[in-house]
Structure formats: structure tokens, C-alpha cells
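Enquirer: What follows is a predicted structure for the sequence shown.
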Amino acid sequence: MRLWVQVFSSRQRNPNYHVALEEHLKSVIDPGVQIEVHGTRKGGLGEQFRFFQAIDTPDIIENILKCKDAKGDGRYDAFVSLNSTDPALYEAREVLDIPVLGFLETTAMVACMMGRSFSLITPNPKFALSFSQKLTLYGLTERLASVEAMDFPHIPDYRNAFIDPAAHQRVMDEFDRAARRAVEAGAEVLIPCGSHAVLQARRGLREIDGALIMDGLAVLIKMAETAVKIQRIMGTFVSRKMLYQKPGQVIRDRAKQEYGIDLS
């Protein structure tokens, strides 16, 4: 089994994050599963802003097509987006024949199995609106207790947490304060979002004030492995009735002619 793992972060801009992420993912995969982490060219500057998401999302679309075009022994069994805002998730499902999973959708749905309510812990308040809007789209707002923000207005500010003990401790302290606010708001499951999800996973703390702290990265990868197995049994993982309906032959022919995109 081979999984394409997509992140916004550029490996060149944020190498310590990529190393830590890959180490953690490899520690939870089943034997025989391969993962490949792909970033974007410039990403990681500030995906809480729609402007920067719009700049970096075309790289993700391009990678979706690269994933689709892989053949033979190089083909992929699932496309897994670790970006906590789930960019291009529906778009990928329209054109890929393999399971496509996104961080926010997957972790929120699994959280609903783990407890009555959940909260998201985000790097800063700007992220809160994007998350709330996506959860409305997914029909999960009734199970959302709150979205709690840490105090990191600039995402690059906590990159040092992967190498500097003082910066790391600041992230932990900020998370704990936000987590306790979430518990007070009624959350039974806490989902760390953004790059600090890696730091929390490596920290190994699983509860705070009785609420479960989810390792969303592990949950997402294990759900991707399961989705691949389900597809092998059922022959597909998504309905093509409407939401994830694939482009028809006429549109695919025009896309190849006018856009230079082969969707066959």
C-alpha cells in the first residue's frame, strides 16, 4: 500500500517540520505501507489567510494530477491531505479513483465516535472561521463544542519549536491553556490542528482534565489505510451520484484539448 501525503508546508522552508512529520507517520503505519510526503513550492507562510491558501492551492491541484498519473509500481492507493483546512478535498475526489481523505473532515468524524462533543485547537483566531465554515459544510457543527485559539499569529513563529526547547515549551503551554478552555466549553475530545499537531503527537499526552487529546495524524493515516482496504472490498470508496460525480467523456476530451489535462 502506497499513500500520497499532502501538506501545504514547503520542505525547503520548513525542513524540521517535514522530518518530524515523516518520523511520526512512519511510526504508526502498518507493515508494508509506504508514505510519501509532498509539500508545495512556497507554502507555510500563513494558510489562515485565504489569500495565501489561494496562492498555494494550485500546487496541490498539480499534485493531485501527478498522483492520478502515477502508473504501475509507482501508483498510489490513497491521497491523504494533512492540511487542516482540507484544501481541494472535493476537487480531488471528483477526479481520483482512489480514496481521498482530509485532516479536518476525518478527525472531526472520528471524534464523534470518541465522545459526545469535540473542540479544535488552532494556532491563532484567524483560523477559526475557516474551520467553522468547513464543519458547517460537513454537517458537524452540532457536535462542535468550540474552536480555541493559541497565540501564534504568524505560523513561522513556532517553527523553532521543533528545534528550540524554550519555543517548544511555549507551544505546549499555549496548547494546554487553550485545551482547558475547550474542556470548560464542554469538549470531550480535543483535536490539535496545524503544524503543532506533530508536536502534540510526539509529546504523548493523551488527556487533559479528562478530555481525550486526539493524535489526528495517526487517526488520519490509519483511516486512509482502512479506506484502501474498504475500496478493495467494495470496488469504490465514494458515491459518484452527485457530489463526487466525475467529469463525463465530453468534458474530459475538452479538458485535454483546451487545458492540457488528461483525466482519462
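Expert: Perfect, I can see it now. Values in this document were obtained by computation on a predicted structure and should not be read as measured data.

Enquirer: where does the stretch 101-250 of the chain have low pLDDT?
Expert: For the stretch 101-250 of the chain, the stretches with pLDDT under 70 are 153-158.

Enquirer: Mind doing that once more with 80?
Expert: Scanning the stretch 101-250 of the chain for pLDDT under 80 picks out 152-160.

Enquirer: ranges for the strands of it?
Expert: Ranges of strands in the stretch 101-250 of the chain, per DSSP state E, counting those that start in this stretch, are 118-122, 144-149, 189-192, 207-208, 211-213.

Enquirer: what does the third one contact?
Expert: Put plainly, it is strand 189-192. 107-108, 111, 114-115, 117-121, 175, 179, 182-183, 200-201, 208, 211-214, 216 (CB atoms under 8 Å, 6 or more residues apart in numbering). For every residue, glycine as well, the C-beta is placed using N, CA and C.

Enquirer: With the shortest one instead?
Expert: Contacting residues not belonging to strand 207-208 are listed as D176, A179, R180, V183, L190, I213 [CB under 8 Å, 6+ apart].

Enquirer: what do you get if the cut-off is 7 Å, keeping everything else the same?
Expert: Here strand 207-208 makes contact (CB atoms under 7 Å, 6 or more residues apart in numbering) with D176, A179, R180, V183, I213.

Enquirer: With respect to S81, which of the strands of the stretch 101-250 of the chain lies nearest?
Expert: Counting by CB to CB, S81 lies closest to strand 189-192 out of those; the figure is 15.1 Å.

Enquirer: Starting from that closest one, tell me which strands it pairs with and how they run.
Expert: Under the criterion DSSP bridges, strand 189-192 sits next to strand 118-122 (parallel), strand 211-213 (parallel) in its sheet.

Enquirer: quick one: it to chain centroid distance?
Expert: 14 Å (CA atoms, centre = their mean, to the nearest Å).

Enquirer: Could you find the closest non-adjacent residue to L104?
Expert: D86 (4.8 Å; CB to CB, 6 or more residues apart in numbering).

Enquirer: Wait, a strand at the one you found?
Expert: No. D86: not assigned to a strand; according to DSSP: H, G, I helix; E, B strand; the rest coil it is coil.

Enquirer: picking that back up, quick one: which of the contacts of strand 207-208 is most hemmed in?
Expert: Counting neighbours by other CB atoms under 10 Å, A179 comes out on top of the contacts of strand 207-208 with 24 neighbours.

Enquirer: From N160, how far off is that residue?
Expert: According to CB to CB, to the nearest Å, A179 stands 21 Å off from N160.

Enquirer: if we can go back for a sec, can I get the strands of the stretch 101-250 of the chain in JSON lines including distance to T40?
Expert: Shown next, in JSON lines, are the strands of the stretch 101-250 of the chain (distance: least, CB to CB, whole Å):
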{"stretch": "strand 118-122", "distance to T40": "20"}
{"stretch": "strand 144-149", "distance to T40": "24"}
{"stretch": "strand 189-192", "distance to T40": "21"}
{"stretch": "strand 207-208", "distance to T40": "32"}
{"stretch": "strand 211-213", "distance to T40": "28"}
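
Enquirer: Any idea which of the ones you listed gets closest to G102?
Expert: Nearest to G102 among the strands of the stretch 101-250 of the chain is strand 189-192; the distance by CB to CB comes to 12.8 Å.

Enquirer: List the buried residues for the closest one?
Expert: By neighbour count on 16 or more other CB atoms under 10 Å, the buried set for strand 189-192 is V189, L190, I191, P192.
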